[in-house]
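1. Here's my sequence, what's the structure:
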Amino acid sequence: MSFNGCRVESSAYFAGATFHDKDSPVDFTATYFQKTLECNEATFKGPVQLNSLECNGSGFFADARFEGTEGADFTYASFGKYLNCNRAIFCGPVSFTLLKCGGGFFDEAKFESDKEISFVQASFEANFQCTEATFKGLTSFTSMKCGSSGFFAKTRFEGEVNFSYTSFAVNLDCGQALFKKSSNFSRLECI
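-> Now for the predicted structure:
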């Protein structure tokens, strides 16, 4: 299903929708939303392309399921306010590389793939909140920038995790987090 290059001058609502095609992606590449994109409780059976998506408001993917083994691609996506992926389940690899948004919420999200989860060079103007989340595979936050605090309390990192060159303008909270494999915090800054 392709929405590639669509322009929506208001909001789009896909809450509770199920996209069954496992072979071709749900393609939001270079799509524009003036207000919000709501996909709360949506199920994506195949790959999802959100690269270069522009949303002036917020993106809502709370309780969404990304079941495709090819994963979800949020590379270069931008959300003017927030990206809410609380309790979302990502079965395949995910790229949030170069994502830009006001704040990010991934509380209790589950990243179940053994393949890389990338937040490389993502930027958040406010908080990045990822409490009680689970990351099974390699996770990279390399060079991520956060305009306020990063919250990872009670988060489980079951694979290697890389926070090198990441910066938080206020605090980094990893209270009661579990790091099962090697972790790299070199050159991390809390300014």
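
2. Could you list the low-pLDDT ranges of the protein?
-> Segments of the chain classed as low confidence (criterion: pLDDT under 70) are not present in this model.

3. What about the closest residue to residue 56 other than its chain neighbours, how many residues nearby?
-> Here the nearest residue to residue 56 in space, its sequence neighbours aside, is residue 80; by Cβ to Cβ, 6 or more residues apart in numbering that works out to 4.3 Å. Using the backbone N, CA and C atoms, a C-beta is placed for each residue, glycine as well. Other residues within reach of residue 80, judged by other Cβ atoms under 10 Å, total 18.

4. Helix, strand, or coil at residue 80?
-> Of the three states, residue 80 takes strand according to DSSP: H, G, I helix; E, B strand; the rest coil.

5. quick one: contacts of stretch 133-141?
-> Identification of contacts with stretch 133-141 by Cβ atoms under 8 Å, 6 or more residues apart in numbering yields 93, 106-120, 122, 152, 155-163, 166.

6. List the ones among the residues you listed that fall in helices.
-> In this view, the contacts of stretch 133-141 have no member that belongs to helices under DSSP state H.

7. tell me the contacts of residue 54?
-> For residue 54, the contacting residues are 30-33, 77-78, taking Cβ under 8 Å, 6+ apart as the criterion.

8. Just the buried ones from the residues you listed?
-> Of the members of the contacts of residue 54, the ones counted as buried by neighbours, 16 or more other Cβ atoms under 10 Å, are 30-31, 33, 77-78.

9. so which of those comes closest to residue 85?
-> residue 77 (12.0 Å; Cβ to Cβ).

10. Show the backbone phi and psi for that closest one.
-> When read as degrees, to the nearest 10, the backbone of residue 77 gives phi -70, psi 150.

11. Run a quick check on it versus residue 61, I expect a contact.
-> No. Under the criterion of Cβ atoms under 8 Å, residue 77 makes no contact with residue 61, lying 11.3 Å away.

12. related to what we said a few turns ago, can you tell me how far the residue nearest to residue 56 sits from residue 175?
-> With distances taken as Cβ to Cβ, to the nearest Å, residue 80 is found 30 Å from residue 175.

13. what does residue 116 give?
-> Taking Cβ to Cβ as the measure, residue 116 falls 25 Å from residue 175.

14. So between the two, which is more surrounded?
-> Legend: neighbour count by other Cβ under 10 Å for residue 116 and residue 175, higher for residue 116 (19 against 10).

15. For stretch 102-121, buried residues please.
-> Along stretch 102-121, these residues count as buried under the neighbour rule (16+ other Cβ under 10 Å): 102-113, 115-121.

16. same thing with stretch 20-38?
-> For stretch 20-38, the neighbour count (16+ other Cβ under 10 Å) marks 25-31, 33, 35-38 as buried.

17. Same question for stretch 178-191.
-> By neighbour count, with 16+ other Cβ under 10 Å as the criterion, the buried positions of stretch 178-191 are 179, 184, 188.

18. residue contacts, the residue nearest in space to the middle of the chain?
-> The central residue of the chain, meaning the one whose C-alpha is nearest the mean C-alpha position (Cα atoms, centre = their mean), is residue 96 at 5.4 Å. Under the criterion of Cβ under 8 Å, 6+ apart, the contact partners of residue 96 comprise 74-75, 77, 117-119, 122.
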